[in-house]
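In: can't give you the sequence, but here's the structure:
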Ligand SMILES: [Fe+2]
């Protein structure tokens, strides 16, 4: 179970209405390397992790990714909530608006909906941890591209925070991989 | 060297004589474990995204990995 705290992990603000930037950032909500995919991947893979510590790392990081999903949602919503239909059209967000108004939905930057095939849950802890480390690097890359695209210093500030978390997660998954290898070595019978 | 066991550090490719200096087993990935040392305050850690100076890797547009 979870305990909900009614505040964001990192406080956000946006400088001005910016539906174009929202259209780009929404990929970290429902895109292939986004926070929904990250959280569901880790919270699902944890059942077949072999040690309590490995399960705990996936639970902790999966939980934090949910908090990141909430930060991304808040960024996107604050960038579009005051936009006029004309501004939405000018930003190329009218296709999205036709289906969702200004509601949050899980799509990538090009509007493709989230699919479970973005993630894997393989039952082999070494394999899954390699996927998790790759996922952290893909998320880091995406945040760097979004930082380059961002013309809002307040949004960039939140993107920097989220990017740095991916670096820390990569390290934690790597340390977990070391532990899982040690655990496997301890199980070997000669 | 005849009694050297397999999988010991720095002994995977004796012919090449080149090692990473950390680990030795082929066909697996290694991450250098973090050693707990100095930490930033919670407030500074929140600003930076980590309380661990050794994990802080700020990005500037234009940088390429
Ligand atoms: Fe992450």
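Out: That came through fine. Not measured: the values here are computed from a predicted model. Numbers count the residues shown, from 1 in each chain, chains lettered A, B, ... in the order given.
In: leaving aside the residues next to it on the chain, what's closest to residue A:164?
Out: Distances taken as CB to CB, 6 or more residues apart in numbering or on different chains put residue B:49 closest to residue A:164, at 2.8 Å, once the chain neighbours are dropped. (C-beta placed from N, C-alpha, C; glycine too.)
In: which ones are touching that neighbour?
Out: A:160-165, A:167-168, B:56 (CB atoms under 8 Å, 6 or more residues apart in numbering or on different chains).
In: and what of residue A:14?
Out: A:75, A:78-79, A:152, A:154-155.
In: Grab the nearest non-local neighbour of residue A:105.
Out: Per CB to CB, 6+ apart, closest to residue A:105 is residue A:30, 6.8 Å.
In: Kindly provide the distance from the one you found to residue A:84.
Out: 24 Å (CB to CB, to the nearest Å).
In: ok, those two, which is more surrounded?
Out: residue A:30 (26 against 10; other CB atoms under 10 Å in any protein chain shown).
In: Could you report the pLDDT at whichever residue of chain B sits closest to the ion?
Out: Taking CB to the ion, the ion has its nearest neighbour within chain B at residue B:49, 11.0 Å off. Residue B:49 is assigned 98 on the pLDDT scale.
In: And it, its phi and psi?
Out: phi 100, psi 0 (degrees, to the nearest 10).
In: now residue A:8
Out: The phi and psi torsions at residue A:8 (degrees, to the nearest 10) take the values phi -80, psi 150.
In: From residue A:87, how far off is the residue nearest to residue A:105?
Out: Counting by CB to CB - residue A:30 and residue A:87 are separated by 22 Å.
In: can you check residue A:134 too?
Out: 37 Å.
In: same thing with residue A:46?
Out: From residue A:46 to residue A:87 the distance is 42 Å (CB to CB).
In: More neighbours: which of these two?
Out: residue A:46 (20 against 15).
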